[in-house]
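**Student:** For reference, the sequence and a predicted model appear below.
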Amino acid sequence: MNKKTQKTKNCFINLNMYHLHLKTGSRGKGQSATAKSDYITREGRYQKHEDPCIYSESGNMPKFAEENPRDYWEAADEHERANGRLFVEVEVAIPSDLAIDDGCHLASRFAARLTNERGLPYTMAVHEGQGHNPHAHIVISERANDGIDRDADQWFKRANKQEPELGGAAKDRELQSKEWLLEVREEWANEANQFLERRGHEQRLDHRSL
């Protein structure tokens, strides 16, 4: 038995299967939320990328971006403060044993897990991975949707705790913590393993391997 595979209770845990990477984007570092959205959804200049997007979705968007989620990321580039974070990106490798539809469903469930309870706007996309490395990108905004109707300009202003309707959408600061990253790593393993088990696959992910 090599160092990369172990067998436990008749289930094979393949340590190479687990991949989760977290990145952040900020105006101060010259990054663009719009470019990131275009890249993961394969829009604009990325339409002919060799690794196609096979599924995408967005959720928890404010009213000004409900019809076109790309408007949200454009607004972030335009209105977020100069040193502010534009997005948090979670990238995960989808177990290749899963069928394409199952992989997309798994990624969708995971995106909802990370964002819906917190009301965080997000765009998620699944890339084919050239047939052997399917993976998902989840781009998340730290500004929580509290249900107050704000235009794009107000949305990205500083929040007003006493009178929320007069300020911008508040940022969820937990996304900047190590504890949140550890929770995300464990959550992905749990979600993926449930899918693998339901589909009759023996392999399991282990987030503790990295």
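**Tutor:** Received, thanks. Residues are numbered from 1 along each chain as shown.
**Student:** CA only for contacts and neighbour counts going forward, please
**Tutor:** Fine.
**Student:** Stretch 75-84: which residues count as buried?
**Tutor:** Buried residues in stretch 75-84, defined by neighbour count with 16 or more other Cα atoms under 10 Å: 75-81, 84.
**Student:** which of those lies closest to residue 34?
**Tutor:** For these, the minimum distance to residue 34 (Cα to Cα) is 7.0 Å, reached by residue 77.
**Student:** Taking the buried residues of stretch 75-84, tell me the two that lie furthest apart.
**Tutor:** Top of the distance list for the buried residues of stretch 75-84 (Cα to Cα): 75 and 84, 13.0 Å.
**Student:** Residue 176: how many residues sit nearby?
**Tutor:** As a burial measure, residue 176 scores 12 neighbours (other Cα atoms under 10 Å).
**Student:** Quickly note the distance from it to residue 87.
**Tutor:** From residue 176 over to residue 87 the distance is 11 Å, taken as Cα to Cα, to the nearest Å.
**Student:** Over to the spatially most central residue of the chain. Which of the three states is it?
**Tutor:** The chain has residue 138 as the residue nearest its centroid, 1.9 Å off, counting by Cα atoms, centre = their mean. With DSSP: H, G, I helix; E, B strand; the rest coil as the basis, the three-state label of residue 138 is strand.
**Student:** residue boundaries of the helices in the protein?
**Tutor:** Here the chain has its helices, by DSSP state H, at 33-41, 70-79, 100-115, 152-155, 178-198.
**Student:** any chance of these in JSON lines, with distance to residue 162 and mean pLDDT too?
**Tutor:** Compiled in JSON lines, the helices of the chain are given as follows (distance: least, Cα to Cα, whole Å; pLDDT from 0 to 100):
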{"stretch": "helix 33-41", "distance to residue 162": "29", "mean pLDDT": "98"}
{"stretch": "helix 70-79", "distance to residue 162": "22", "mean pLDDT": "98"}
{"stretch": "helix 100-115", "distance to residue 162": "25", "mean pLDDT": "95"}
{"stretch": "helix 152-155", "distance to residue 162": "16", "mean pLDDT": "98"}
{"stretch": "helix 178-198", "distance to residue 162": "27", "mean pLDDT": "89"}
